[in-house]
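J.: generate a structure from the sequence data that follows.
(chains A and B)
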Amino acid sequence: AQTVTQSQPEMSVQEAETVTLSCTYDTSESDYYLFWYKQPPSRQMILVIRQEAYKQQNATENRFSVNFQKAAKSFSLKISDSQLGDAAMYFCAYRRRDRDDKIIFGKGTRLHILP
Amino acid sequence: GAGVSQSPSNKVTEKGKDVELRCDPISGHTALYWYRQSLGQGLEFLIYFQGNSAPDKSGLPSDRFSAERTGGSVSTLTIQRTQQEDSAVYLCASSRGRVGNQPQHFGDGTRLSIL
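T.: You can find the predicted model right below:
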């Protein structure tokens, strides 16, 4: 069975600084997607960034980038120039690629932005 | 509508009562998912509908939980004889198709509180 592990329940970063959130996963599949979702207090899950496992190049979306290490099954999220609006729960997630399937989520990391 | 709509936003009920939670997916989305988010936890998959196929019920925690999807659109999640451990946020998501590259769009969830 696939699992996703986030070992940092909470993190804090000074506004404008850079922070990295860690995630590891386990799967026997070779082709899959990895995601980072943001959940602000409004509860809505917002897709931040997506990585396709067959792509070696790390995905980037503006201030958000990932470090995808397939052999190590590691998928960290880097947030540059942190902003107050980045404060939220961040969930790492996995989904197999060959069909429309459920997403498997980690337990999340709560990110605090210090002004 | 523009996004996934869930109702009610909040529900408080007494232990032992039945509850129904509603999800209205994005128009044209054939796949619909229910997840549960307990306090301090990630999202736990409950059930998945895809078109007219038999639903994947593998995540339902007990036979008190059931869901249906009428006309391939609106879905209702029913919890019978509610228990305090059922207290959680119930999130619904929908996506366009059968392959794994279709993003899941989430609603704002229903916060269920069992007294």
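
J.: state the mean pLDDT of stretch B:16-29.
T.: Stretch B:16-29 comes out with an average pLDDT of 95.

J.: got a list of contacts for it?
T.: B:1-8, B:11, B:13, B:32, B:34, B:73-82, B:90, B:92, B:94-96, B:105, B:107, B:110, B:112 (CB atoms under 8 Å, 6 or more residues apart in numbering or on different chains). Glycine gets a C-beta too; all of them are placed from N, C-alpha and C.

J.: cutoff 6 Å now
T.: Under the criterion CB atoms under 6 Å, 6 or more residues apart in numbering or on different chains, residues B:4-7, B:11, B:13, B:32, B:74-82, B:90, B:92, B:94-96, B:105, B:110 lie in contact with stretch B:16-29.

J.: can you check stretch A:48-64 too?
T.: A:31-36, A:38, A:66, A:68, A:79-81.

J.: so of these, which ones are in helices?
T.: Applying DSSP state H to the contacts of stretch A:48-64, no entry is found in helices.

J.: and of those residues, the nearest to residue A:6?
T.: Set against residue A:6, the nearest of the contacts of stretch A:48-64 by CB to CB is residue A:36 (10.2 Å).

J.: for the residue most central in space within chain B, which non-adjacent residue is closest in space?
T.: Nearest to the mean C-alpha position of chain B, by CA atoms, centre = their mean, lies residue B:34 at 3.1 Å. Once flanking residues are discounted, residue B:34 sits nearest to residue B:46: 4.2 Å by CB to CB, 6 or more residues apart in numbering or on different chains.

J.: repeat that for residue A:20.
T.: Leaving aside its sequence neighbours, residue A:20 sits nearest to residue A:78 (CB to CB, 6+ apart; 4.9 Å).

J.: same question, residue A:93
T.: residue A:35 (4.3 Å).

J.: residues in contact with stretch A:26-44?
T.: A:2-3, A:45-54, A:75, A:77, A:88-97, B:106, B:108-109.

J.: show me which positions of stretch B:53-67 end up buried.
T.: Within stretch B:53-67, the residues scored as buried using 16 or more other CB atoms under 10 Å in any protein chain shown are B:55-56, B:59-60, B:65, B:67.
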